[in-house]
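Trainee: model this:
(one chain, ligands or ions: 2)
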Amino acid sequence: MGLTMTEKILSAHLVEGKLERGTEIGIRIDQTLTQDATGTMAYLEFEAMGVPRVRTERSVAYIDHNTLQNGFENADDHRFIGYCAKKHGLFFSRPGNGICHQVHLERFGIPGKTLIGSDSHTPTGGGLGMLAIGAGGLDVAVAMGGGAYYITCPKVVNVRLTGKLSPWVAAKDVILEVLRRMSVKGGVGKVIEYTGEGVKTLTVPERATITNMGAELGATTSVFPSDEMTKAFLKAQKREEVWIPLAADEDAVYDEVIDIDLSKLEPLAACPHSPDNVKSMSEIGRLKIDQVCIGSCTNSSLLDMMKVAYILKGKTVHPDVSLSIAPGSKQVLNMIAANGCLGDMIDAGARILESACGPCIGMGQSPNSAGISLRTFNRNFEGRSGTKDGQIYLVSPETAAASALTGYLTDPRTLGDMPEFKLPEVFTINDNMVTLPAEEKDMDSVEIKLGPNIKPYPETHPLLETIDAPVSLKVGDNITTDHIMPAGAKILPLRSNIPKISEHCFAVCDEEFPKRAKELGRSIIVGGANYGQGSSREHAALAPLYLGVKAVLVKSFARIHRANLINAGILPLTFVNEADYDKIAQGDQLVLADVRKAVEAGKTELTVINKTSGAEIPVLCELTGRTKDIMLAGGLLDYTRETLK
Ligand code: MIC
Ligand code: SF4
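Mentor: Residues are numbered from 1 along each chain as shown. Ligands and ions are numbered 1, 2, ... in the order given. Next up, the predicted model:
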């Protein structure tokens, strides 16, 4: 029986378990990446494990998220991460060098390798034929220390591409089409593999746009073959020697097949407030806009910037629109400065931002009240832009640029003939903003400075004998980690300070939650389907841990968040019957009697007694041998400290 690309990479890296769908497997990790918003915690955790140097082939620490230095906090974090990198053997990508995923694709990614990153868009590397997975900071810290990374052996979905994109239709429209068909929870437990003749027509940055936004499907990751196009990209990055071919076998067996004819696609937009709320331009109709933001790890490559500059050249941004552009990396910025594209953007009235995440994570450029903003980003969750009632539409750079000129959502196909945009044969290469680690013999002399805002990992507790606690919060379906632990310019500087950031936990849903949870001491959260979708931020588990949350009972979980809860020692439970969700109200007192004994004994079906209503509710507590031990120990940190020594 033939193998999928996923199975080929997984089997070459398998260290525990068998490649049987749905079972837990451990894989060896070749590369890791961190960014600053999740990085300080990850390095505190790494230091707590007591491993002196990273044990991966390549680990890179990036600074790209918290770049608005509106106070000392972010700068202190940057300095802390820089020194950790130097001491512990990591490459350090300094602020200004670009967004982690864009830079990693350009300078570090290698086909056939495994990569985990403390950022949910790490699957961008799938555009190069890597198996690149987003994870919580603690999982990344363990992998840096040489530990395996554990996932549920995924199902594999084959997206077969035929044809070729029509002029002005973009890679973004491909992934929006996949999201329209599969939804934000359609990818949970699956890897999405792209194959077919249509693959050959897509460049590596276009493939990366597609794999990047596979995160919005809830997928474990997405992967493209490594072919001649991949080789040409690596050659242009002067890294041809790392190329290897990768393709699925002809007789590979897939769990699901989706066919997409690229030539039939049209420009699409994800409407507020979910990346799968996808509509065509005609379905949306006439839409007056206030803002356009171009950039983010999804759409900030050189090719994207060249298309945008071509559309803007010689024109002026509509008087009612604010247009901002953030090129994805120093390499991109350098090259558009040299080839005249940057001048065309400035000339048209674009507000040029530094090469960083910026508005994508609410670090500036929040739209006006109820403002309509078109963005080339990957997430349009409510409030994420920094404006609570902002209306965010996700579109391609082509649609964004065309609309910035007219002041209305505009189908870029109205722009007329499209010239051929080609990737350069050689990119401008200057890695001077990547600092190399100290040599091992010098590492002891590197002193790590902690700023006053950097606080230790919160106190953990072994699993209780019995959980007898009230429901401190009940929420609905599709709760994102942006609801649980909001980001934005005001809150992000607190990422290294769990007690302080906890004060903002669930602020989007219920501002009273942190105070209430603290007063209750111990409590339980109840939620709906796809709970914890979105980012990898472990803060969405660490803040509840700090606030005394002992268990989270929901209809279903998103993959990374569930893992983060276990890592933090919070019990993840799901309803056996989804209808039982209605049998619990906020404030009810729930009891899980002798839960520790049950978990120790490997029982997966438990009973929650609702003391307030008297209802008996069957719930699932699906832990494997390893996750069971982690839960019993009170989290991954304590568990690992012992096992890595
Ligand atoms: C995001 O896009 O939500 C982030 C900010 O990059 C997060 C990581 C974080 O919260 O720091 C992610 O995608 O994992
Ligand atoms: Fe940064 Fe946005 Fe990408 Fe997250 S999605 S890594 S915030 S650019």
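Trainee: Give me the nearest residue to the residue positioned nearest the centre of the chain, chain neighbours excluded.
Mentor: A centroid search over the chain (C-alpha atoms, centre = their mean) returns S120, at 1.7 Å, as the residue closest to the centre. Distances taken as C-beta to C-beta, 6 or more residues apart in numbering put G134 closest to S120, at 3.8 Å, once the chain neighbours are dropped. Where you see a C-beta, it was placed from the backbone N, CA and C, and this is true even at glycine.
Trainee: Over to N478?
Mentor: Distances taken as C-beta to C-beta, 6+ apart put N530 closest to N478, at 5.0 Å, once the chain neighbours are dropped.
Trainee: chain center to stretch 632-643, what's the gap?
Mentor: 25 Å (C-alpha atoms, centre = their mean, to the nearest Å).
Trainee: Spell out which parts of the stretch 1-150 of the chain neighbour ligand 2.
Mentor: Proximity of the stretch 1-150 of the chain to ligand 2 is confined to 65, 99, 119, 121 under the rule C-beta under 6 Å from any ligand atom.
Trainee: My error: substitute the chain in the last question.
Mentor: 65, 99, 119, 121, 296-297, 357, 360-361, 377-378.
Trainee: Turn the residues you listed into TSV, including neighbour count.
Mentor: Formatted as TSV, the residues of the chain next to ligand 2 follow (neighbours: other C-beta atoms under 10 Å):
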residue	neighbour count
H65	26
I99	31
D119	31
H121	29
S296	26
C297	31
C357	31
C360	26
I361	27
F377	29
N378	26
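Trainee: Count the neighbours of the residue nearest to S120 for me.
Mentor: The tally of other residues near G134 (other C-beta atoms under 10 Å) stands at 26.
Trainee: I210 versus the residue nearest to N478, what's the distance?
Mentor: Separation of N530 from I210 (C-beta to C-beta, to the nearest Å) stands at 21 Å.
Trainee: Between the two, which is the more surrounded one?
Mentor: I210 (27 against 22).
Trainee: Contacts only, for the nearest residue to the more buried one once chain neighbours are set aside.
Mentor: Leaving aside its chain neighbours, I210 sits nearest to I175 (4.6 Å; criterion: C-beta to C-beta, 6+ apart). Taking C-beta atoms under 8 Å, 6 or more residues apart in numbering, we find I175 in contact with 209-210, 212-214, 216.
Trainee: Could you pick out which of the residues you listed are located in helices?
Mentor: When DSSP state H is applied, the contacts of I175 are split such that 209-210, 212 fall in helices.
Trainee: So what touches stretch 234-244?
Mentor: 106-107, 110-112, 128, 226, 230-231, 423-427, 429.
Trainee: between the residues you listed, which is nearest ligand 1?
Mentor: For those, the residue nearest ligand 1 by C-beta to the nearest ligand atom is E106; the value is 18.2 Å.
Trainee: re the thing from before, assign the residue nearest to I210 to helix, strand or coil.
Mentor: Following DSSP: H, G, I helix; E, B strand; the rest coil, the label given to I175 is helix.
Trainee: Report the separation between it and K597.
Mentor: Distance, I175 to K597, using C-beta to C-beta: 46 Å.
Trainee: helix, strand or coil for G126?
Mentor: When classified by three-state DSSP, G126 comes out as helix.
Trainee: so how many other residues sit close to the closest residue to it other than its chain neighbours?
Mentor: In space, and not counting its chain neighbours, G126 is closest to T211: 3.4 Å by C-beta to C-beta, 6+ apart. Residues lying near T211 (other C-beta under 10 Å) number 31.
Trainee: For T211, list the residues it contacts.
Mentor: Counting by C-beta under 8 Å, 6+ apart, T211 has contacts 123-127, 132, 192, 221-224.
Trainee: about what we covered before: run through the residues of the stretch 1-150 of the chain next to ligand 2 and flag the ones next to ligand 1.
Mentor: 65, 119, 121.
Trainee: the longest helix in this protein is where?
Mentor: The chain, longest helix under DSSP H: helix 72-88.
Trainee: Give the other helices and strands that that one contacts.
Mentor: In this structure, helix 72-88 packs against helix 36-49, strand 58-62, strand 91-93, strand 434-435, with contacts taken as 3 or more C-beta pairs under 8 Å, 6 or more residues apart in numbering; DSSP states H and E.
Trainee: List the neighbouring strands of the shortest one plus their orientation.
Mentor: I take that to be strand 434-435. Strand pairing for strand 434-435, determined by DSSP bridges: strand 91-93 (antiparallel).
Trainee: Output the below-cut-off pLDDT ranges for the stretch 51-200 of the chain.
Mentor: Within the stretch 51-200 of the chain, not a single segment meets pLDDT under 70.
Trainee: give me the residue from it nearest ligand 2.
Mentor: Closest contact between the stretch 51-200 of the chain and ligand 2, by C-beta to the nearest ligand atom, is at H121 (4.7 Å).
Trainee: wait, isn't that residue in contact with E216?
Mentor: No. With contact taken as C-beta atoms under 8 Å, H121 and E216 are classed as non-touching, separated by 9.3 Å.
Trainee: Quick check: residues of the stretch 1-150 of the chain near ligand 1?
Mentor: Proximity of the stretch 1-150 of the chain to ligand 1, by C-beta under 6 Å from any ligand atom, involves residues 37-38, 65, 119-121, 134.
Trainee: Of these, which pair is most distant in space?
Mentor: Spanning the widest gap among these are H65 and G134, at 14.0 Å by C-beta to C-beta.
Trainee: how about the closest residue in space to L342 that isn't next to it in sequence, what does it touch?
Mentor: Leaving aside its sequence neighbours, L342 sits nearest to I336 (C-beta to C-beta, 6+ apart; 4.4 Å). Applying C-beta under 8 Å, 6+ apart, we find I336 in contact with 302, 305-306, 309, 327, 342, 345.
Trainee: Secondary structure of I336: a strand, I assume?
Mentor: No. Under three-state DSSP, I336 sits outside any strand and is assigned helix.
Trainee: Which one (most neighbours) among the contacts of T211?
Mentor: With neighbours defined as other C-beta under 10 Å, the most crowded of the contacts of T211 is T124; it has 36 neighbours.
Trainee: For ligand 2, give me its nearest residue in the stretch 501-645 of the chain.
Mentor: Residue of the stretch 501-645 of the chain nearest ligand 2, by C-beta to the nearest ligand atom: S535 (6.8 Å).
Trainee: Specify the local secondary structure of that residue.
Mentor: Per three-state DSSP, the secondary structure class of S535 is coil.
Trainee: how close does it get to ligand 1?
Mentor: Noted for S535: a distance of 3 Å to ligand 1, by C-beta to the nearest ligand atom, to the nearest Å.
Trainee: for the residue nearest to that residue when sequence neighbours are not counted, phi and psi?
Mentor: With C-beta to C-beta, 6+ apart as the criterion, S535 has its nearest non-adjacent residue at 4.6 Å, and that residue is T481. When quoted as degrees, to the nearest 10, the phi and psi of T481 stand at phi -70, psi -20.
Trainee: Repeat that for the one 3 residues further on.
Mentor: Summarising the backbone geometry of I484 under the convention degrees, to the nearest 10, its torsions are phi -70, psi -50.
Trainee: tally of neighbours for it?
Mentor: 29.
Trainee: Could you do I501 as well?
Mentor: 22.
Trainee: was I right about it contacting A543?
Mentor: Yes. Using C-beta under 8 Å, I501 makes contact with A543 at a distance of 6.0 Å.
Trainee: overlap in contacts of the two?
Mentor: M485.
Trainee: Keeping just the C-alphas, turn stretch 422-434 into CSV.
Mentor: The C-alpha trace of stretch 422-434 is given here as CSV (Å, rounded to 0.1, in the frame of the first residue of the first chain):
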residue,chain,number,x,y,z
LYS,A,422,7.6,36.1,-11.4
LEU,A,423,9.7,35.2,-8.4
PRO,A,424,13.3,36.4,-8.8
GLU,A,425,16.0,33.9,-9.7
VAL,A,426,18.0,35.1,-6.7
PHE,A,427,16.6,36.8,-3.6
THR,A,428,18.6,39.4,-1.7
ILE,A,429,20.2,37.5,1.1
ASN,A,430,21.5,39.2,4.2
ASP,A,431,21.1,37.4,7.5
ASN,A,432,22.7,40.1,9.5
MET,A,433,19.6,40.4,11.7
VAL,A,434,19.9,36.8,12.9
